[in-house]
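Enquirer: from the sequence below, what's the structure:
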Amino acid sequence: MNFIAIKERLDLYERLMRLDKPIGILLLLWPTLWALWIAGYGQPAWMLVAVFVLGTVLMRSAGCVINDYADQEFDPLVERTKDRPLATGQISKNEALLLAAALVLCAFALVLFLPRLVIMLSIPALLLAVSYPYSKRFFALPQAWLGIAFGFGIPMAFAAQWEQVPQLAWLLLLGNMFWTIAYDTEYAMVDRDDDLRIGIKTSAITFGRYDIAAVMVCYAMALAIFTYIGLRLNFGTPYFTGLAVAAGIAGYHFTLIRERDRQQCFKAFLHNNWFGAAVFAGLVLELSLVPLLRQQ
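Expert: Numbering: from 1, shown residues only. Next comes the predicted model:
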């Protein structure tokens, strides 16, 4: 196999893992970083941060491969997904399974350097990631399933630093679940017509004509939980400013999705990166800047 052929193969693997579309990595990474900074009191070990960031990239990549394997019969029927490597037959089923297994094994190797509780939590984390694509066959709200899967780095981050998972971690996971339902419903609104035709269940279909209201309620629930966490931890102005910015971003998303235009709904979905970044920025300022100011 010559160099050009190898490069073309690697490009196909990159597309299969969605490395060319990093939004999924970012949406998975933000809640993990929130938990790392809270559990680490604003100063998590950088080696630990590196492990979780790399693990996030690996598991998101594996999740994409597993998702496409599960949806290989449906993807050719959906406009947005019809050109994916598995859907077009450019990558075989066995290749996809081997790639997913390799990614999962690499992620598990990273976990072996962490406390035993993190290793134990990695098992349900893997089961959630593997089962999510199939939940769309029978579960009316698969976005909630995804929210738990995408947020499972939260209890793992606490376990890595505290060697236990406090109630606070599960509250943060619940808030992340509502945020995920909000942004992934925006994503599902893009494919609603295709999903109705092929029989896949999504929150956009379940919510029906109340989809926009449901998205905004989920944003509100997420922000309410994050506010409660801030009050419980005695956070101040920097953190709540971050939440205010995130609330403004959620309000902007309403203006994008209210007409249910596909492109605008997809734009709103992508823009959720800034929602997660706003919450994280507030946390960093609260946990890093405020203690320094108090010392002066």
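Enquirer: you'd agree residue 176 is up against residue 31?
Expert: Yes: because the distance of 4.4 Å satisfies Cβ atoms under 8 Å, residue 176 is recorded as touching residue 31. In short, each C-beta sits where N, CA and C put it, glycine included.
Enquirer: between these two, which contacts overlap?
Expert: Residues touching both residue 176 and residue 31 (Cβ atoms under 8 Å, 6 or more residues apart in numbering): 150-151, 154.
Enquirer: now the helices for the stretch 151-296 of the chain?
Expert: Using DSSP state H, counting those that start in this stretch, the helices found in the stretch 151-296 of the chain span residues 153-162, 167-190, 192-198, 203-207, 211-232, 237-257, 262-284, 290-295.
Enquirer: list the contacts of residue 133.
Expert: By Cβ under 8 Å, 6+ apart, residue 133 lies in contact with 66-67, 69-71.
Enquirer: rerun that using 10 Å as the cut-off
Expert: Neighbouring residues of residue 133 by Cβ atoms under 10 Å, 6 or more residues apart in numbering: 63-64, 66-71, 74, 142, 145-146.
Enquirer: how about those residues in TSV, adding distance to residue 101 and secondary structure?
Expert: Listed next are the contacts of residue 133 as TSV, based on distance: Cβ to Cβ, whole Å; DSSP: H, G, I helix; E, B strand; the rest coil:
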residue	distance to residue 101	secondary structure
63	13	helix
64	14	helix
66	10	helix
67	15	helix
68	15	helix
69	11	helix
70	15	helix
71	18	coil
74	23	coil
142	24	helix
145	22	helix
146	22	helix
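Enquirer: as JSON lines, those residues with distance to residue 53 and pLDDT would be great.
Expert: Shown next, in JSON lines, are these (distance: Cβ to Cβ, whole Å; pLDDT from 0 to 100):
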{"residue": "63", "distance to residue 53": "16", "pLDDT": "92"}
{"residue": "64", "distance to residue 53": "17", "pLDDT": "93"}
{"residue": "66", "distance to residue 53": "21", "pLDDT": "92"}
{"residue": "67", "distance to residue 53": "21", "pLDDT": "91"}
{"residue": "68", "distance to residue 53": "23", "pLDDT": "91"}
{"residue": "69", "distance to residue 53": "25", "pLDDT": "91"}
{"residue": "70", "distance to residue 53": "26", "pLDDT": "88"}
{"residue": "71", "distance to residue 53": "27", "pLDDT": "86"}
{"residue": "74", "distance to residue 53": "31", "pLDDT": "83"}
{"residue": "142", "distance to residue 53": "26", "pLDDT": "92"}
{"residue": "145", "distance to residue 53": "24", "pLDDT": "93"}
{"residue": "146", "distance to residue 53": "20", "pLDDT": "92"}
